[in-house]
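**Student:** Quick one, what's the 3D model for this:
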Amino acid sequence: MPIQNIPEIFIANPLLLPDLFVYDFRMTDEVVKSKVDLSLHMFSFLQTGQKKVHFADAAVAVNEHQSLLIKKGNCLMTELLNKNTVYFCKLLFFSQKKIEDFLQKHTDSFSLPNIRIEKDVPFFVIENDQYIKSFIQSLCCIQQMKDGIAENLLVVKFEEIMLYLLHKYQEIFVQYLGSLVSSANYSSFRKTVDIYTYSNLRLEEIAFLCNMSLSTFKRHFINEYQVPPGKWLLQKRLIKAKEILRRGLRKPSDIYADSGYNNFSNFCTAFKNEFGYSPHQVINKH
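**Tutor:** Have a look, this model is predicted:
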């Protein structure tokens, strides 16, 4: 799975990243778990479809009634079509400098003497009210203007949306802004592994969220757990599958994908190799 460098892929000269940038993203084919390297922070004003994002220590899903503010860095992004077989979101990118300038200008006004925090918060969910909808529409108008005027207005619009979100969400949004300016990343390797142990993410996807190559991830994993990651995850996921079957919560054919297997046959084989009996025999025993 190739890494998508965003917003570079949307810019004519990717070596000259602007401090503010608006892009209309449309598609008619669903994309599941793209590897994305965000070099700028990003507003995703979702208009139609659904978006799911995995980070190193968190995950979030939003629909067209919500927008998402995402911190720059690595993530896995899934974009799903709606019933009209289209996906559309308006993206507003902004640099680290823009957020730092904004905070320096407005910290006193909002009585925020200590904006830095020790918790990494990779996203913020925004409920689309009438003000947000009007703001999105105003971005459409700006995009149709001449470059110089559009750039100047975009500076004003960025300050507008940030001020509105501070007004709307107050201390909750303040905490998120603290994450954007925090220089430290407090997400641990083990925390990320723990979060995705029982997911259906592949090893290379978990490695990406840890900002590691697959080979580096494997070496680091063995140093931490003294066992290869593939074997460790297999055992953990099969143990959970066994417990689900033992409690009669789901059928074997319903859980193989959640256990990280592409087909039911491979799941049954691995299950029997691990426990000495088939998934169906677990149900029969209880």
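
**Student:** Quick one: distance of stretch 195-211 to the chain centre.
**Tutor:** What separates the centre of stretch 195-211 from the centre of its chain is 12 Å, taken as Cα atoms, centre = their mean, to the nearest Å.

**Student:** again, but for stretch 67-74
**Tutor:** So, by Cα atoms, centre = their mean, the centroid of stretch 67-74 is 7 Å from its chain's centroid.

**Student:** Return the set of buried residues in it.
**Tutor:** By neighbour count on 16 or more other Cβ atoms under 10 Å, the buried set for stretch 67-74 is 67-74. For glycine as for every other residue, the C-beta is placed from the backbone atoms N, C-alpha and C.

**Student:** Once you drop chain neighbours, what's closest to I206?
**Tutor:** Excluding the flanking residues, the one nearest I206 by Cβ to Cβ, 6 or more residues apart in numbering is Y196, at 5.2 Å.

**Student:** quick one: pLDDT of that neighbour?
**Tutor:** For Y196, the pLDDT comes out at 88.

**Student:** Tell me who's in contact with it.
**Tutor:** Neighbouring residues of Y196 by Cβ atoms under 8 Å, 6 or more residues apart in numbering: 54, 206, 209.

**Student:** which stretches of the stretch 101-250 of the chain form strands?
**Tutor:** 123-127 (DSSP state E, counting those that start in this stretch).

**Student:** so where do the helices sit in it?
**Tutor:** For the stretch 101-250 of the chain, the helices defined by DSSP state H, counting those that start in this stretch cover 130-143, 147-169, 171-181, 189-196, 203-209, 214-225, 229-246.

**Student:** Pick the most buried one from those helices.
**Tutor:** helix 203-209 (a mean of 20; mean count of other Cβ atoms under 10 Å).

**Student:** What is that one packed up against?
**Tutor:** With contacts taken as 3 or more Cβ pairs under 8 Å, 6 or more residues apart in numbering; DSSP states H and E, helix 203-209 sits against strand 31-38, strand 73-80, helix 189-196, helix 214-225, helix 229-246.

**Student:** Make a markdown table from these and add distance to Y277 to it.
**Tutor:** Formatted as a markdown table, those follow (distance: least, Cβ to Cβ, whole Å):
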| stretch | distance to Y277 |
| --- | --- |
| strand 31-38 | 33 |
| strand 73-80 | 35 |
| helix 189-196 | 28 |
| helix 214-225 | 27 |
| helix 229-246 | 10 |
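
**Student:** thinking N82 is in contact with E64, fair?
**Tutor:** Yes - under the criterion of Cβ atoms under 8 Å, N82 makes contact with E64 at 7.0 Å.

**Student:** out of those two, which sits in the busier spot?
**Tutor:** Counted by other Cβ atoms under 10 Å, N82 and E64 do not tie: E64 has more neighbours, with 17 against 14.

**Student:** average pLDDT for stretch 159-174?
**Tutor:** pLDDT averaged over stretch 159-174 gives 92.

**Student:** Next, report how far it is displaced from the centre of its chain.
**Tutor:** Chain-centre distance of stretch 159-174: 21 Å, with Cα atoms, centre = their mean.

**Student:** What of stretch 228-236?
**Tutor:** 24 Å.

**Student:** what sits up against that stretch?
**Tutor:** Here stretch 228-236 has contacts from 193, 197-198, 203, 206, 217-218, 221-222, 225, 260, 270, 274, using Cβ under 8 Å, 6+ apart.

**Student:** 7 Å - rerun?
**Tutor:** 197, 203, 218, 221-222, 225, 260, 270, 274 (Cβ atoms under 7 Å, 6 or more residues apart in numbering).

**Student:** Check stretch 149-163 too.
**Tutor:** By Cβ under 7 Å, 6+ apart, stretch 149-163 touches 20, 22, 94, 98, 102, 135, 138-139, 142-143, 145.
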